[in-house]
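[1] below is the structure, and that's it, no one-letter string:
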């Protein structure tokens, strides 16, 4: 027991370093992509030595997987968690979409959507990183589908397109809005996507 | 005049090399992205020396710009040109969408959509490459908008959403279908996107 505290202390410091590296990597990867991440950039941004980063993550893939996990957690905190006080169905769906747009607009991550920056990079590269990105995307689509199915069941939404098709469409509009906003440094793409989504969900605006 | 033929010959060979490098770079970048392109990969794929590639393109940006131009030309040949025998309005719009989906499905470029692979990579990186990608995207959206506006004017399409909003939506669905197909090596995302687009264009299927 006499030795366990210093070991625990080292473990905690190690965990804190791993976590802060992964969070910073999520920020950088939202702009540079996951393959564009360099040890040098991370070390500069965190004011750490390259060797402490290499000690925290012993392989590039290990760091990339931790970065996807950190980005997923940031997304859950900013987009999903604040929707949970809304009733399921159309109200929660609207909350998810509003939270997503405000998350991108505020550049919580500087490149906007982490998935947008990294899915296109990894979609043709089979491996653990692609699998983890695909899983995170599937969980997001399932969440949207569930709210749409509830809304359809209670007559808040028409039954065509089906919930999976509509979830695919809403996600596609959000992803395209992120690219268009970044490309022109112009928020109007976010506004336009929001009106279009509301129109497709039956809110009577005319995009 | 006695010396002009050998010089012309060298120029033509130089042009052929530049062109074949840019075409191969478009193929590789559809998978790896433009920043992922290396001289070594290009040299291997073309069985050329690294120095001949460096002689053809003296800077990385020069090569990237030529790659975007080559990819744009491949897209025009495969998607746009074969739509031009259809009447403007809904028939040409359908032809553009069918050609796009078949172009991605056939993997004319191995990673599918060049713009999908590179827009997400460059959307947060101001510079000439981003400008050229943004221009190519704008031309494609303008082409869709023009056919939609014609279709709306002749009563082939409802007037809401507006032509620009609908063009944004169709392009978003195509881009998302490309990512989903690549991610799961599964063509069903292309089929689903096609049904959804036909539904949004008023063709009576139920996705």
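    Nice, I can see it. Computed from a predicted model, the values in this text were never measured in an experiment.
[2] where does pLDDT dip in chain A?
    Within chain A, the stretches with pLDDT under 70 are A:1-5, A:204-207.
[3] what is the longest helix along it packed up against?
    For chain A, the helix reaching the highest residue count under DSSP state H is reported as helix A:4-32. Where contact means 3 or more C-beta pairs under 8 Å, 6 or more residues apart in numbering or on different chains; DSSP states H and E, helix A:4-32 is packed against helix A:39-46, helix A:50-56, helix A:60-75, helix A:114-122. The C-beta positions use only the backbone N, C-alpha and C, and glycine is treated the same way.
[4] assess the claim that residue A:49 and residue A:43 are in contact.
    Yes. The pair residue A:49 / residue A:43 is scored as a contact, 6.2 Å apart, by C-beta atoms under 8 Å.
[5] more crowded one of the two?
    Comparing residue A:49 with residue A:43 by neighbour count (other C-beta atoms under 10 Å in any protein chain shown), the higher total belongs to residue A:43, at 18 against 11.
[6] neighbours around the residue lying closest to the more buried one once chain neighbours are set aside, how many?
    Setting aside the residues directly before and after it, residue A:43 is nearest to residue A:50 in space (C-beta to C-beta, 6 or more residues apart in numbering or on different chains), at 4.8 Å. Using other C-beta under 10 Å, residue A:50 has 13 neighbouring residues.
[7] show the contacting residues for residue A:50.
    A:39, A:40, A:43 (C-beta atoms under 8 Å, 6 or more residues apart in numbering or on different chains).
[8] which among these gets closest to chain B?
    For these, the residue nearest chain B by C-beta to the nearest C-beta is residue A:40; the value is 15.7 Å.
[9] out of everything not next to it in sequence, what's closest to the closest one?
    Closest to residue A:40 by C-beta to C-beta, 6+ apart is residue A:50, at 6.8 Å.
[10] before we move on, back to that, winner for burial among the helices and strands packed on helix A:4-32?
    helix A:114-122 (a mean of 25; mean count of other C-beta atoms under 10 Å in any protein chain shown).
[11] buried residues in the helix or strand just after that helix?
    As assigned by DSSP states H and E, the chain's next helix or strand after helix A:114-122 is helix A:128-153. Using 16 or more other C-beta atoms under 10 Å in any protein chain shown as the test for burial, helix A:128-153 gives A:129-130, A:132-134, A:136-137, A:140-141, A:143-152.
[12] show me what helix A:128-153 is packed up against.
    Using 3+ C-beta pairs under 8 Å, 6+ apart: helix A:128-153 touches helix A:60-75, helix A:90-105, helix A:114-122, helix A:163-184, helix B:163-184.
[13] go through the ones you listed and name the closest to residue B:192.
    helix A:163-184 (6.3 Å; C-beta to C-beta).
[14] what angle do that closest one and helix B:128-153 make?
    130 degrees (axes from the mean of the first three to the mean of the last three C-alpha atoms, to 10 degrees).
[15] mind checking which helix or strand residue A:109 is in?
    Using DSSP H and E, residue A:109 falls outside every helix and strand.
[16] and the residue nearest the centre of chain A?
    residue A:75 (4.5 Å; C-alpha atoms, centre = their mean).
[17] tally of neighbours for the nearest residue to residue A:84 once chain neighbours are set aside?
    Distance criterion C-beta to C-beta, 6+ apart; nearest residue to residue A:84, sequence neighbours excluded, is residue A:92 at 7.7 Å. Look at residue A:92: counted by other C-beta under 10 Å, it has 21 neighbours.
[18] equivalent analysis for the one 10 residues further on, please.
    For residue A:102, the neighbour count with other C-beta under 10 Å is 14.
[19] OK, contacts around it?
    Counting by C-beta under 8 Å, 6+ apart, there are no residues that residue A:102 touches.
[20] what sits against the closest residue to residue A:67 other than its chain neighbours?
    What sits nearest to residue A:67 in space, not counting adjacent residues and going by C-beta to C-beta, 6+ apart, is residue A:25, at 4.1 Å. Contacts for residue A:25 (C-beta under 8 Å, 6+ apart) come out as A:37, A:42, A:63, A:66, A:67, A:70.
[21] got the buried residues for the longest helix of chain A?
    By neighbour count on 16+ other C-beta under 10 Å, the buried set for helix A:4-32 is A:17-18, A:21-32.
[22] taking helix B:114-122 as reference, get the angle to that helix.
    Going by the same axes, to 10 degrees, helix A:4-32 makes 130 degrees with helix B:114-122.
[23] helix A:4-32 to helix A:39-46, inter-axis angle?
    110 degrees.
[24] from the chain's centroid, how far away is helix A:4-32?
    19 Å (C-alpha atoms, centre = their mean, to the nearest Å).
[25] tilt between that helix and helix A:60-75?
    Going by the same axes, to 10 degrees, helix A:4-32 makes 80 degrees with helix A:60-75.
[26] out of the helices and strands packed on helix A:4-32, flag the one nearest residue A:104.
    Closest among those, using C-beta to C-beta: helix A:114-122, at 9.0 Å.
[27] so is that closest one next to chain B?
    Yes. Helix A:114-122 is in contact with chain B by C-beta under 8 Å from any C-beta of the partner chain, via A:116, A:117, A:119, A:120, A:121.
[28] quick one: contacts for residue A:107?
    Listed by C-beta under 8 Å, 6+ apart, the contact set of residue A:107 is empty.
[29] no no, residue A:17
    Here residue A:17 is in contact with A:48, A:52, A:56 (C-beta under 8 Å, 6+ apart).
[30] name the nearest residue to the second one, ignoring sequence neighbours.
    This means residue A:52. Using C-beta to C-beta, 6+ apart, the nearest residue to residue A:52 is residue A:17, at 6.5 Å.
[31] where's the one you found relative to chain B, distance?
    Distance of residue A:17 to chain B, computed by C-beta to the nearest C-beta, to the nearest Å: 27 Å.
[32] look up phi and psi at residue A:127.
    Note on residue A:127: backbone dihedrals following degrees, to the nearest 10 are phi 150, psi -180.
[33] follow-up on the earlier one: the residue nearest to residue A:84 touches residue A:82, doesn't it?
    No. Using C-beta under 8 Å, residue A:92 is not in contact with residue A:82, being 10.6 Å away.
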